[in-house]
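1. no FASTA, just this:
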C-alpha cells in the first residue's frame, strides 16, 4: 500500500511539474496566434472603413463640383450611388494596383489579395446598388438610421467580409479573442498553483531535527514558489497586453464607424437627388462625361 501511495504521489508530482513547466510556453504561443488573428480581423474591418471614407471623399468632391457648375447634377439616387461606388472601387484598388500610384500600394495590394478584399468590396458595391434601388423617394428619409440597416446588411451578408481567409467567422473569432485577457489570468494562476503543488511533496522530506536538511528543503520549496509566481506574472502581463490590443484594434468600434460613415454619405446623397430608379451595377465601368453621370475628380493620393 505504501509503495502504491509513493507511485501515485510521484505520478501526480510529475503531472504537476509538466503542467507548470509548459504553461508559460503555451500562453506565449496563444498570445502570438491571438495577435496575428486580432491584426487580421482589424485589417478586414478596416477595409470597410477605408472604403467608406474614400466614398465620402468622392461624394463631397462631386457635390462641390456640382455647386461650382463643374459637373452635371445627377437626379437619380441609384445612378449617383452606383457611379460613385464603382469610381471609388476602381481608383482605390484596380487603378492603384495596376500603376502603383503610391509607395504603399505594393504592400497594401499584397494584404488585399491575402484577405480577398478586392472581391469583398466588388461584392459590396454590387449588393449595395441593388439594395438602394428598392428605396422609394415618396418615403421621407433624413438621417443615417434609415440607411444603417442597408449598409449593415450589405457588409454582413458579404462572405468575404464575414470570414477571415474565407474560413474563420469574424464574429466567432472576435468573441474568442475578447475572452483571452481573462483566460491568460486564469492560466497564470493555474500555473502558479500547479507549481506550488509540485513543490509541496518536498516538505514531506523535511526533518525538523536536522537544521541543514530543513534549510535545504525549505530553500528548494521557495525556489518552486518563485518559479510558480512567474506564471502568474506572465499571465497578468499577457492579459494586460491583450486587453490593450483588443482596445486599440477594436473590431466593434471600427465596424460602427464604417457603417456610420457610409450611412451618412448615403443620407446626404439621398437629400441631393430627386428620384430613384433601380439600376444594375456595371462592374468595372464607371460612366463619365455622359448625361446624368457624375464626374468628380479623383481623391488626392498620399
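-> Nice, I can see it. This structure is a prediction, so every number in the text was calculated from the model and none was measured.
2. run a quick neighbour tally on the residue nearest to residue 163 when sequence neighbours are not counted.
-> Excluding its sequence neighbours, the residue lying closest to residue 163 (C-beta to C-beta, 6 or more residues apart in numbering) is residue 169, at 5.6 Å. The C-beta positions use only the backbone N, C-alpha and C, and glycine is treated the same way. Neighbour count for residue 169, taken as other C-beta atoms under 10 Å: 11.
3. and for the one 3 residues further on?
-> The burial metric for residue 172, expressed as a neighbour count using other C-beta under 10 Å, is 11.
4. do residue 62 as well
-> Count around residue 62 with other C-beta under 10 Å applied: 24.
5. tell me which other helices or strands the strand or helix carrying it touches.
-> Using DSSP states H and E, residue 62 sits in helix 2-67. Applying 3 or more C-beta pairs under 8 Å, 6 or more residues apart in numbering; DSSP states H and E, we find helix 2-67 packed against helix 77-89, helix 117-132, helix 159-162, strand 163-164, helix 170-199, helix 211-248, helix 251-271.
6. report all helices and strands that the longest one contacts.
-> Read it as helix 211-248. Short answer (3+ C-beta pairs under 8 Å, 6+ apart): helix 211-248 packs on helix 2-67, helix 170-199.
7. in stretch 127-138, what counts as buried?
-> Neighbour-count burial for stretch 127-138, counted by 16 or more other C-beta atoms under 10 Å, picks out 127, 128, 129, 130, 131, 132, 133, 135.
8. ends of that stretch, what's the gap?
-> 22 Å (C-alpha to C-alpha, to the nearest Å).
9. pLDDT averaged over that stretch - what is it?
-> The average of the pLDDT scores along stretch 127-138 is 82.
10. can you list the residues that contact it?
-> 77-78, 81-82, 85, 141, 150-151, 153-154, 157-158, 266, 270, 274-281 (C-beta atoms under 8 Å, 6 or more residues apart in numbering).
11. one more time with 10 Å
-> Residues from elsewhere that reach stretch 127-138 (C-beta atoms under 10 Å, 6 or more residues apart in numbering): 55, 76-83, 85-86, 141, 146-147, 149-151, 153-155, 157-158, 262, 266, 269-270, 273-283.
12. follow-up on the earlier one: now do the residue nearest to residue 163 against residue 151, distance only.
-> To residue 151, residue 169 is 20 Å away according to C-beta to C-beta, to the nearest Å.
13. residues contacting the residue nearest to residue 163?
-> Applying C-beta under 10 Å, 6+ apart, the residues near residue 169 are 162, 163, 175.
14. most neighbours, which of these?
-> Most surrounded of the contacts of residue 169: other C-beta under 10 Å gives residue 163, at 19 neighbours.
15. and that residue, how far from residue 269?
-> Residue 163 sits 30 Å away from residue 269, taking C-beta to C-beta as the criterion.
16. I'd like to know which of the helices and strands packed on helix 211-248 has the weakest mean confidence.
-> Averaging pLDDT over each of those puts helix 2-67 lowest, since it has a mean of 82.
17. if we can go back for a sec, most neighbours per residue, which of the helices and strands packed on helix 2-67?
-> The highest mean neighbour count among those, using mean count of other C-beta atoms under 10 Å, belongs to helix 77-89: a mean of 24.
18. show me what it is packed up against.
-> Counting contacts by 3 or more C-beta pairs under 10 Å, 6 or more residues apart in numbering; DSSP states H and E, helix 77-89 packs against helix 2-67, helix 117-132, helix 251-271.
19. hmm, residue 56 is touching residue 85, no?
-> No - counting by C-beta atoms under 10 Å, residue 56 stays clear of residue 85, with 11.7 Å between them.
20. give me the common contacts of these two.
-> residue 262.
21. next, format the helices and strands packed on helix 77-89 as TSV and append distance to residue 219.
-> TSV is the format used below for those (distance: least, C-beta to C-beta, whole Å):
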stretch	distance to residue 219
helix 2-67	18
helix 117-132	59
helix 251-271	49
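22. please name the nearest non-neighbouring residue to residue 274.
-> residue 75 (4.3 Å).
23. could I get the pLDDT score of that neighbour?
-> In this model, residue 75 carries a pLDDT of 87.
24. what about it, how many neighbours?
-> For residue 75, using other C-beta under 10 Å, the count is 14.
25. OK, contacts around residue 183?
-> Taking C-beta under 10 Å, 6+ apart, one finds 27, 30, 34, 176, 235, 238, 239, 242 in contact with residue 183.
26. so what's residue 248 up against?
-> 38, 42.
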